[in-house]
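Asker: Have a look; sequence and predicted model below, questions after that.
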Amino acid sequence: MDGLAVGPYHRVLMTDAVSPVIKRWQTRALIIGVIAAILSFIGLFLNRPQFFHSYLFAWLFWSGLSFGALVLVMMQFLTGGLWGLAVRRLSIAAFMTLPLMAILFLPVLLGLHDIYGWSNGARAEAEGYHHKAQYLNAPFFTARAIIYFVMLTVFGVALRKRMAEHRDVRAIPALSAGGLIVYVLCMNFASTDWVMSLDPVWYSTVFVEVFASGQFLAALALMTALLVLFTYQFSLGDAVPVKAFHDLGNMLLAFVIFWAYVAFAQFLIIWSGNLPKEISWYLPRSSGGWQWFALALMLGQFLLPFALLLSRTAKRRPRSLAIICIVIVLANVLMNFWFVAPAFHPRVYVHSLDFTELLAIGGFWFALFFHFLKQRPLLPIELTEEHRNA
Amino acid sequence: MRANPDRPAVRPYRASRAHMNNQSPTTDHQSPALHGVMAEFTQPEQLLSAAQRAYAAGYRKLDAYTPYSVEGLAEAIGFCKTRVPLVTLIGGIIGALTAYVMQWYSAARDYPLNVGGRPLHSWPAFVPITFELTVLFAALAAFIGMLWMNGLPRPYHPVFNAPEFKLASQTRFFLCIEANDPRFNIDEARQFLQGLNPINVSEVEK
């Protein structure tokens, strides 16, 4: 045990020193959430449909972070590696927001008629839709959402319990493997329910990958940015080795490429086929000003981070890595907006509710995240052990 | 791991030290016919700590030979950044431009081709080939650039004169302090390496 490694690590271990700061952040996040929620609630009476349209977008973004964090943790338990160790505690706190996201799904159910054409009969006459009513109806939609949340929350809580109590740790890889399979199956249906069914005629079998890789990418980027923030805020020094940041940068690069690959694969196939039933997703999303959102998304969630993450220096310098991460997270907000908003507005339309509801759910998300984060040390002990051995 | 451009690629095999000394009289170094002193280890951890201690002792012209990649070893012998990534990047950019311009020129300029009524310059259709050629050119640039910067192919290298050196590709780990190190002194280097607990220390002829 050399002095260099012990000093900062003890500071991380001493949750007494760290938790008051995190508790203050938790209170601030809660205040922001409550104020934004009150403003959004006023908006509900001024413009009811818009309230639910904005809500779906905001909820998709924040719930995506919770799901993505769960995948991150499960993947790390299966593969190991420094990258995942460094963000493990943050990711566990992040996926513990899943029960909250389940409760916050209620407004989507309340606004079902305002959001989904299939639920209010407006699209029921559309050609090729009739047989889909067996699947796309309010009771089944609700039941499925409950199944997704219950199953994934059970896996998440079971993982956290075993980690925190150091009990049955040998079952963790098996739990993770099972959890990942359940996650992919759930998201296959969830992406269909929540996003694809905005246009009940359109379908794409690769959409689940666009959706799920977007969730993972956003979670990885946010966790990395927060890790950098904590490194400076709590003067962790070299408690998080530079190699961990380098590895996280490489993971981000890989997933930025993967997301772009599946998103473009879907587009290219539909563009080549050019069939009316298939292009109905892209037509409203590439006209009326929305094409600029698509372009910004290509830049923000692929070209810009891709080009920057090629640089070894950018990955090894925590500050520059954090900036790239923030770009990715913002682009992910944009992606969810571009998924949802063009379904309701043929021309570019940004409402103040889009911002207040993003802040409202975000405030609650962060409040619960900080609540779980302050209960345990920020870094797992294995990180420093690995560091010292290396 | 390192290229020595000042050394000719081909040397007579196992020229004896005495013979070499007769041909070229000694100037500043103890023995111009010596490539270096080589220590042999059985465990990668031993090699890693030996390399770190040799670097800490001030030796800079170090090289290590292992059957597989040992993490941290390159940094331990003072390996600095190479230009292979840069060459790869340039190769990738040239590949992307070549592919895109080729497709645009052939399908939209030289022989305009109407495919399903789409615009002549349809960028989505050009992306797969652009991607493929980016990867191909980047990979070729990395491979050729790596060979070139390493001074490969090289039919003769003095390290193969070390006894049992062929085990470097099987089970043994070697550390060589090269004679062109400014701090090199054959007896000191030998003594230093002996102190690192190797199974064998040998002088490597050029």
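Answerer: Structure received. Given the structure is predicted, the values throughout are model-derived calculations rather than measurements.
Asker: From now on I want contacts and neighbour counts done on CA atoms only, so please keep to that.
Answerer: Noted.
Asker: Output the below-cut-off pLDDT ranges for the chain.
Answerer: Just so you know, I chose chain A. Residue ranges of chain A with pLDDT under 70: A:1-16, A:121-130, A:384-390.
Asker: My question was about chain B, not that one.
Answerer: B:1-32.
Asker: So which residues on it come close to chain A?
Answerer: Within chain B, the positions lying close to chain A (Cα under 8 Å from any Cα of the partner chain) are B:G72, B:P124, B:A125.
Asker: what's the helix or strand for the last one?
Answerer: For B:A125, the element it lies in under DSSP states H and E is helix B:123-149.
Asker: out of the residues of chain B next to chain A, who's nearest B:D181?
Answerer: Closest to B:D181 out of the residues of chain B next to chain A is B:G72 (21.7 Å), distances taken as Cα to Cα.
Asker: okay, now that closest one: neighbour count?
Answerer: Counted with other Cα atoms under 10 Å in any protein chain shown, the burial measure for B:G72 works out to 11 neighbours.
Asker: phi, psi of it?
Answerer: phi 90, psi -10 (degrees, to the nearest 10).
Asker: Shouldn't A:G288 be within a helix?
Answerer: No: going by DSSP: H, G, I helix; E, B strand; the rest coil, the assignment for A:G288 is coil, not a helix.
Asker: okay, now it: neighbour count?
Answerer: Neighbourhood size, A:G288 [other Cα under 10 Å]: 15.
Asker: Would you mind measuring from the closest residue to B:L34 other than its chain neighbours to chain A?
Answerer: Distances taken as Cα to Cα, 6 or more residues apart in numbering or on different chains place B:E205 nearest to B:L34, at 4.6 Å, with adjacent residues excluded. Using Cα to the nearest Cα, to the nearest Å, B:E205 is found at 34 Å from chain A.
Asker: before we move on, what about B:K166?
Answerer: According to Cα to the nearest Cα, B:K166 stands 28 Å off from chain A.
Asker: Not including adjacent chain positions, what is the nearest residue to that residue?
Answerer: Leaving out its chain neighbours, the residue that sits closest to B:K166 by Cα to Cα, 6+ apart is B:F160, at 7.3 Å.
Asker: Would you confirm that that neighbour contacts B:A168?
Answerer: No: using Cα atoms under 8 Å, B:F160 is not in contact with B:A168; the gap is 9.8 Å.
Asker: picking that back up, wait, is the residue nearest to B:K166 part of a helix?
Answerer: Yes: using three-state DSSP, the secondary structure at B:F160 is a helix.
Asker: okay, now it: neighbour count?
Answerer: With other Cα under 10 Å as criterion, B:F160 counts 16.
Asker: on that earlier part again, next one: the residue nearest to B:L34 from A:M196, what distance?
Answerer: According to Cα to Cα, to the nearest Å, B:E205 stands 71 Å off from A:M196.
Asker: And for A:Q134?
Answerer: A:Q134 is 16 Å from A:M196, where distance means Cα to Cα.
Asker: Which of these two has more residues huddled nearby?
Answerer: A:M196 (20 against 9).
Asker: Helices of chain B, residue ranges please.
Answerer: Ranges of helices in chain B, per DSSP state H, are B:17-23, B:44-56, B:73-76, B:84-104, B:123-149, B:186-194.
Asker: Distance to B:L175 and mean neighbour count for the ones you listed - can I get that in TSV?
Answerer: Converted to TSV, the helices of chain B look like this (distance: least, Cα to Cα, whole Å; neighbours: other Cα atoms under 10 Å in any protein chain shown):
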stretch	distance to B:L175	mean neighbour count
helix B:17-23	21	12
helix B:44-56	7	20
helix B:73-76	11	18
helix B:84-104	24	19
helix B:123-149	22	17
helix B:186-194	9	17
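Asker: residues touching the residue in the stretch 101-250 of chain A positioned nearest to chain B, list them.
Answerer: Going by Cα to the nearest Cα, chain B is nearest to A:K243 of the stretch 101-250 of chain A, at 11.0 Å. Contacts for A:K243 were tallied using Cα atoms under 8 Å, 6 or more residues apart in numbering or on different chains; they are A:L82, A:R316.
Asker: any idea which helix or strand carries it?
Answerer: Assigned by DSSP H and E, A:K243 falls in helix A:242-273.
Asker: can you check A:T205 too?
Answerer: Judged by DSSP H and E, A:T205 forms part of no helix or strand.
Asker: Next one: the residue of chain B most remote from its centre relative to chain A, how far apart?
Answerer: Taking Cα atoms, centre = their mean, the residue of chain B most remote from its mean C-alpha position is B:G117, at 52.6 Å. Per Cα to the nearest Cα, B:G117 is found 11 Å from chain A.
Asker: distance of that residue from A:W271?
Answerer: Distance of B:G117 to A:W271, computed by Cα to Cα: 12 Å.
Asker: What of A:L308?
Answerer: Look at A:L308 and A:W271: by Cα to Cα, they are 29 Å apart.
Asker: go on, A:M335?
Answerer: 19 Å.
Asker: Mind checking which of those two has more residues around it?
Answerer: A:M335 (22 against 16).
Asker: Let's have the helices of chain B in TSV, adding distance to A:R285.
Answerer: Formatted as TSV, the helices of chain B follow (distance: least, Cα to Cα, whole Å):
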stretch	distance to A:R285
helix B:17-23	77
helix B:44-56	56
helix B:73-76	50
helix B:84-104	26
helix B:123-149	16
helix B:186-194	68
